[in-house]
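Participant: Sharing a model prediction with you, sequence too.
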Amino acid sequence: MHIEGGANAAYRREIEEADDPASKKAEIKGCLRELASPMRTAHAFGIEEIIDPRDARPLLAEFVQDAQPILRTQLGMTSGLSYVP
């Protein structure tokens, strides 16, 4: 569920009872956005590097290309899977 819907569902009573419901809703959404940060999640799981989505395709292609010799030698695959850039 996106942050807007999540904030409305989970904090409905708190928002309705606030003196300024719009301000309270904005405050809650801001807190939820901060918690949903990929940087915060990566830190919590000990991940040292986050890949920019724009860079993902070239990195994945490089990984597949680098994996080919390993597939052939360690898994005994001589044909079938191959990557041609």
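Facilitator: It's in. Numbers count the residues shown, from 1 in each chain.

Participant: Let me know the average pLDDT across stretch 39-54.
Facilitator: Stretch 39-54 shows a mean pLDDT of 86.

Participant: Ok, stretch 21-30 next?
Facilitator: 89.

Participant: mind listing what's buried in it?
Facilitator: 24-25, 27-29 (16 or more other Cβ atoms under 10 Å). Any C-beta I mention is one placed from the backbone N, CA and C, and that applies to glycine too.

Participant: what's the answer for stretch 8-25, then?
Facilitator: Counting neighbours by 16+ other Cβ under 10 Å, stretch 8-25 gives 11, 15, 24-25 as buried.

Participant: before we move on, what about stretch 27-45?
Facilitator: 27-29, 32.

Participant: residues in contact with that stretch?
Facilitator: With contact meaning Cβ atoms under 8 Å, 6 or more residues apart in numbering, stretch 27-45 is reached by 3-4, 6-7, 11, 14-15, 47-48, 50.

Participant: how far out from the middle of the chain is it?
Facilitator: Offset of stretch 27-45 from its chain centre (Cα atoms, centre = their mean, to the nearest Å): 11 Å.

Participant: Please save the CA atoms from the strand or helix carrying Arg72 in PDB.
Facilitator: Assigned by DSSP states H and E, Arg72 falls within helix 53-74. Backbone C-alpha positions of helix 53-74 (Å, rounded to 0.1, in the frame of the first residue of the first chain) are rendered in PDB as follows:
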ATOM      1  CA  PRO A  53      18.100   1.800 -11.000                       C
ATOM      2  CA  ARG A  54      19.500   3.600 -14.100                       C
ATOM      3  CA  ASP A  55      22.700   1.600 -13.700                       C
ATOM      4  CA  ALA A  56      21.100  -1.800 -13.000                       C
ATOM      5  CA  ARG A  57      20.900  -3.100 -16.500                       C
ATOM      6  CA  PRO A  58      24.600  -2.700 -17.400                       C
ATOM      7  CA  LEU A  59      25.600  -4.200 -14.000                       C
ATOM      8  CA  LEU A  60      23.300  -7.200 -14.500                       C
ATOM      9  CA  ALA A  61      24.600  -7.700 -18.000                       C
ATOM     10  CA  GLU A  62      28.200  -7.600 -16.700                       C
ATOM     11  CA  PHE A  63      27.300 -10.100 -14.000                       C
ATOM     12  CA  VAL A  64      25.700 -12.500 -16.500                       C
ATOM     13  CA  GLN A  65      28.800 -12.200 -18.800                       C
ATOM     14  CA  ASP A  66      31.200 -12.800 -15.900                       C
ATOM     15  CA  ALA A  67      29.200 -15.800 -14.700                       C
ATOM     16  CA  GLN A  68      29.400 -17.700 -18.000                       C
ATOM     17  CA  PRO A  69      32.900 -19.200 -17.400                       C
ATOM     18  CA  ILE A  70      31.800 -20.300 -13.900                       C
ATOM     19  CA  LEU A  71      28.700 -22.000 -15.300                       C
ATOM     20  CA  ARG A  72      30.800 -23.800 -17.800                       C
ATOM     21  CA  THR A  73      33.500 -25.000 -15.500                       C
ATOM     22  CA  GLN A  74      31.800 -25.500 -12.200                       C
END
